[in-house]
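Chemist: what's the 3D shape of this:
(chains A and B)
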Amino acid sequence: MWAYLTRRLLLSTLAVFGVLVITFFLSHVIPGDPIAAILGPQAPDHVIEDLRRRWGLDRPIPEQFVRYLSLLARGDLGRSIATNRPVLDDLREFFPATVELATAAILVGVTLGMAVGIVSAVARGRWVDHVVRFVSLIGLSMPVFWLGLIALLVFYFWAGVLPGPGQLDILISRPPRVTGLILVDSVLARDGVALRNALAHMVLPALVLGSHTLVGIARITRASMLEVLGQEYIKAARAKGLAERTVILRHALKNALLPIVTVIGIYYGSLLEGAVLTETVFAWPGLGRYATSAILSQDFAAVMGVTLLIALIFSLANLVVDLLYAALNPRIRYE
Amino acid sequence: MTARAWRGVLWVSLLALVLGSAVGAAGAPRVPNTVLVMGGVISDAVSLDPAQAFEFTSVWAAAQIYDTLVDFNREFNQVVPELATSWTVSADGRTYTFRLRRGVRFHSGNVVDAKAVEFSLQRAMKLNLTPAFILTSFIARPEDVVAVGADTVRVTFKQAMPEILMGSVLANPVSAVVDPALVQRNATPADPWANQWLSFNDAGSGPYKLRAWSKNVKIEFEAFEGYWRGTPRLRRVFYQEMPEPAAAMLALQRGDIDVASDLLPAQYKQLQGQPGIEVKTSPQFTVNYLAMNVGYEPFGKKEVRNAIKWAIDYDALRRIFEDALDPSQTIVPPGMFAHLAERPYRRDVARARALLREAGYERGFRAELIVPVTPPLPDVAAKIKEDLAAVGIEVEVRQLRSADLLGIYRAQRHQLVIQRWGADYPDPDNLARAFASFDARQLAWRNQWDHPVKRTVEQAVGELNRARREALYHEIQRIVLEEGPYAIYGSPLEQNAMRSNVKGLGASPLFAFTNLIDAWKE
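Modeler: This is a model prediction of the structure:
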């Protein structure tokens, strides 16, 4: 187990380094001028050249890469041209908002998705199953951006039961920043008003963002459950006279979990990258919009910082999923 | 996990959703009358240090926090006092001496005096960050700004400065007066001018104090009770990030925000006439244009350039902007001093074809048009492609990110490009220099158009007689109109939608000068 873990960590480190090298060189060789993009069409040439020198962008690319690595070795992710701040500070500021939203979305997706998938599998061929499959097909083909706007229109604008864009109402002060997670910071500050308001603000974006995950998990749960429900040991369990609920939840579901856990890991990793469209519709100050604007303006340090973070998240998510396999299926051994 | 546990998770999730809805319903506040909430895109802001601010939001914010020596009237045709109550100018028009208002204090309580003005302008020049060119283009050395008494400042310019040009430099937020004591207290050996500190903090004397700035979330101001013009009526002002125009529109209609900027033209049209909402439109000192690189052989001929100008359907382009476009065709936009209200070009295919024939291109030619991805510019490019195809010019459109497009444009590697130019300061020199002076290395240079009109640009900038100056700029505009490599298809109109109880707030042609102190809510 420990040898496996060490090997996996080493491989992950290598993979992350590879991603960094590729991203750095690709982002520097594609045409474009980050300084010109940020300063706009009017800044005089000498201002642009001066700023390019200040940011070290006039140096050869390999030299810039070595400089980047030496900074990275000291825990410095560089400075964002667009925000004028250390990238680490930006990530600390924007990533927690994404973590909260992604976690809420994955909770919605996992709980409802698995429930729907199980019901659909158990009721295979019946009207419930047809409805679930039809709705999930629609759900998968519905653009999240459009869904977000419709959700705002219905629940915020027409019904007035949920708040509009943003993490908090404008007149409610954000609790002092400790973790950056607004819900956790509200609890730490014992600020009930902020907590309730932040929770309310999270409902719509979490539902919208979680909807695709929900549909995906429901489909994989249904398929996996159907496969397991056809196995001999399920028939045996039923023959023993076990309650149907016990057969499905304890015997079938446990064995159907492996592929489900795999997709949950992948979905969560993707959600943590930041969901730029959901963040845009709901004015959510997360990583997705930061990353997109960094890419569009070729803000190299920010692009590298986001890439590093995402690569680490995916490596970690994959590792956790692999380790969970053993917990779920004792026949899996790590060597 | 047991069946019981699964059921528990399911019920907790459902309960959370229901509770969430309930607290949401209770939490929606009304915006009080002393508070203004604006919604739009604020994520462009990089630094609120007036010596660095150059983006829309940061310049606007700096204009609320800081005062300058002078300001402009609403029409932008006259310089009016701000920190300076009066000024005199030397006979050669190069040296201005300002008498300061007495009793003005910074938000910190420190006194605004001549030394603070000297310190601030010298600091901006020595820091030499992005907007500093507005100062350094006209003032040779930092030492040319001198405090000659406790309430007297002398500024010596490189050249004779017509008053409106002096105002263009000294009313610009880059010339804002900062609190020297605060700056010095927050300076470090690595950052002797406290640029980092000032990027996120307030050292001003303006009508509003910076209360908080959460990047990509909101900027929050609080009225300065000791302001020399009296305390602003709007006690707190929020500018909230709302990147999705549809969401901002819903928030405005619900009354959760008072002002929505950055909506789409079609949305402003939709909001017009709705009860409780007012859409305000005002001219902008901005020019939308299609540029032709004279270095690309066909565009070297004036007839070809003019054929393109005659081929374009300007009315159709205006419709793309939902009519939020003044149909001006000259480089000095409407409303600015010396604007030439001539609009000769309209779609005339026969005339365009005749000009192409005259130039030896009766069979047309091919050209590439680069355009930013920003809506609605790709639609503009598509329409121009269609118009030019009708006269035999086959255009290939390439949509590019700004980073790519500007790199190509600055390197003179384009053939046709769609861009806009927003004035940096409200003087025709800014536009004449950009569009007509090859030596300024701006638009004329990028499009490789080196025309003797550049000498008229140099002559006009220092002309102290207002009428003669106006005549010179008319001449420049006429030459660019008739010979230049630009098909100017209008000046965008700034639109803002607001609740109808918001009064006194309107966009100005140069957004930076929009002053919240004139606004209130009924």
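
Chemist: Return the nearest residue of the stretch 251-400 of chain B with respect to chain A.
Modeler: Nearest to chain A, among the residues of the stretch 251-400 of chain B, is B:Ala251, at 4.9 Å (Cβ to the nearest Cβ). All C-beta spots, glycine's among them, are computed from the backbone N, C-alpha and C.

Chemist: Now do the contacts for that residue.
Modeler: Going by Cβ atoms under 8 Å, 6 or more residues apart in numbering or on different chains, B:Ala251 touches A:164-165, B:39, B:242, B:257, B:260.

Chemist: do B:Lys126 as well
Modeler: B:Lys126 makes contact with B:142, B:193, according to Cβ under 8 Å, 6+ apart.

Chemist: got a pLDDT number for B:Phe513?
Modeler: As predicted, B:Phe513 sits at a pLDDT of 51.

Chemist: contacting residues for A:Asn84?
Modeler: Taking Cβ under 8 Å, 6+ apart as the test, what A:Asn84 contacts is B:46-47, B:52, B:199.

Chemist: picking that back up, the residue of the stretch 251-400 of chain B closest to chain A: helix or strand, and which one exactly?
Modeler: Using DSSP states H and E, the element containing B:Ala251 is helix B:245-254.

Chemist: is chain A contacted by whatever helix or strand comes next after that helix?
Modeler: Once helix B:245-254 ends, the next helix or strand along the chain (criterion: DSSP H and E) is strand B:259-260. No. Using Cβ under 8 Å from any Cβ of the partner chain, we find that strand B:259-260 stays clear of chain A, coming within 11.7 Å at best.

Chemist: packing partners for strand B:259-260?
Modeler: strand B:35-40, helix B:245-254, strand B:486-499 (3 or more Cβ pairs under 8 Å, 6 or more residues apart in numbering or on different chains; DSSP states H and E).

Chemist: May I see the ones you listed arranged in CSV, with mean pLDDT as well?
Modeler: Below are the helices and strands packed on strand B:259-260 laid out as CSV (pLDDT from 0 to 100):
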stretch, mean pLDDT
strand B:35-40, 95
helix B:245-254, 95
strand B:486-499, 94
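
Chemist: Show me what the lowest-mean-pLDDT helix or strand in chain A is packed up against.
Modeler: When the helices and strands of chain A are scored by mean pLDDT, DSSP states H and E, helix A:34-39 comes last with a mean of 77. On a contact count with 3+ Cβ pairs under 8 Å, 6+ apart, helix A:34-39 meets helix A:45-54, helix B:402-410.

Chemist: Enumerate every residue touching A:Val261.
Modeler: Shown in contact with A:Val261 (Cβ under 8 Å, 6+ apart): A:321, A:324-325, A:328.

Chemist: A helix includes it, no?
Modeler: Yes. Checked against DSSP: H, G, I helix; E, B strand; the rest coil, A:Val261 lies within a helix.

Chemist: Need the pLDDT of it.
Modeler: Predicted confidence (pLDDT) for A:Val261: 87.

Chemist: ok, the helix or strand where A:Gly305 lies near chain B or not?
Modeler: Following DSSP H and E, one finds A:Gly305 within helix A:300-328. No. Applying Cβ under 8 Å from any Cβ, one finds helix A:300-328 separated from chain B by no less than 10.8 Å.

Chemist: which residues touch A:Leu312?
Modeler: With contact taken as Cβ under 8 Å, 6+ apart, A:Leu312 is in contact with A:Val16.

Chemist: Look up how far chain B lies from it.
Modeler: Distance of A:Leu312 to chain B, computed by Cβ to the nearest Cβ, to the nearest Å: 23 Å.

Chemist: Which residues are in contact with residue 191?
Modeler: In the absence of a named chain, chain A is used. A:Pro175.

Chemist: should've been chain B
Modeler: Neighbouring residues of B:Asp191 by Cβ under 8 Å, 6+ apart: B:Trp197.

Chemist: Return the backbone torsion pair for it.
Modeler: phi -140, psi 70 (degrees, to the nearest 10).

Chemist: and it, what pLDDT?
Modeler: Per-residue confidence at B:Asp191 stands at 94 (pLDDT).

Chemist: for the one 10 residues further on, same thing?
Modeler: Looking at B:Asn201, its pLDDT reads 96.

Chemist: Grab the nearest non-local neighbour of it.
Modeler: Spatial nearest neighbour of B:Asn201, chain neighbours left out: B:Leu210 (6.9 Å); criterion: Cβ to Cβ, 6 or more residues apart in numbering or on different chains.

Chemist: where in the stretch 401-522 of chain B is pLDDT low?
Modeler: B:511-514 (pLDDT under 70).
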